[in-house]
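Asker: can't give you the sequence, but here's the structure:
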């Protein structure tokens, strides 16, 4: 049983074979897959899974805060299971998502918030860029 499945069981979710297949795909995803990408990958494990089941399961996992749903300025949602604090750099040409964490950035955010009279309670940073061309 993977970590995500354990969290689902702890949250009281019934574990069906289809749900297990979806969780397996999410757990093994090194990217931030869309519903359609999860569906294609799950179909290789269990051809009986419908796209409606994938939609329902991903939305339920998002509501339970077991996955995080991102828009990344696109017309479809993408999902990730990494819930620790981090940020994203999205390649506007390819859609590739790069996760990063930087201690200096964290300190700068706290300093800015303090200067404005605030404590940060939550934040999310998405940077959109284009890979530099080598000259």
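Answerer: Happy to help now that I have it. Nothing here was measured: the structure is a model prediction, and the numbers come from that model.

Asker: Domains in this protein, by residue range?
Answerer: By the record's domain assignment, the chain is partitioned as 3-80, 87-129 (automatic domain parsing).

Asker: any chance of these in TSV, with distance to residue 135 and mean neighbour count too?
Answerer: In short, each C-beta sits where N, CA and C put it, glycine included. Supplementary listing: the domains of the chain in TSV, determined by distance: least, Cβ to Cβ, whole Å; neighbours: other Cβ atoms under 10 Å:
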stretch	distance to residue 135	mean neighbour count
domain 3-80	28	16
domain 87-129	17	11
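
Asker: Mean pLDDT added to those, as CSV?
Answerer: Rendered in CSV, the data for the domains of the chain read as follows (pLDDT from 0 to 100):
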stretch, mean pLDDT
domain 3-80, 91
domain 87-129, 94
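
Asker: beta partners for the residue most central in space within the chain?
Answerer: For the chain, the residue sitting closest to the mean C-alpha position, by Cα atoms, centre = their mean, is residue 80 at 2.0 Å. Note on residue 80: beta-bridge partners residue 68, judged by DSSP bridges.

Asker: mind listing the helices in this structure by residue range?
Answerer: Shown for the chain, the helices assigned by DSSP state H span residues 3-10, 17-28, 35-45, 51-63, 103-115.

Asker: To residue 95, which of these lies closest?
Answerer: helix 35-45 (11.0 Å; Cβ to Cβ).

Asker: helices or strands next to the closest one in the packing?
Answerer: Helices and strands touching helix 35-45, as assessed by 3 or more Cβ pairs under 8 Å, 6 or more residues apart in numbering; DSSP states H and E, comprise helix 17-28, helix 51-63.
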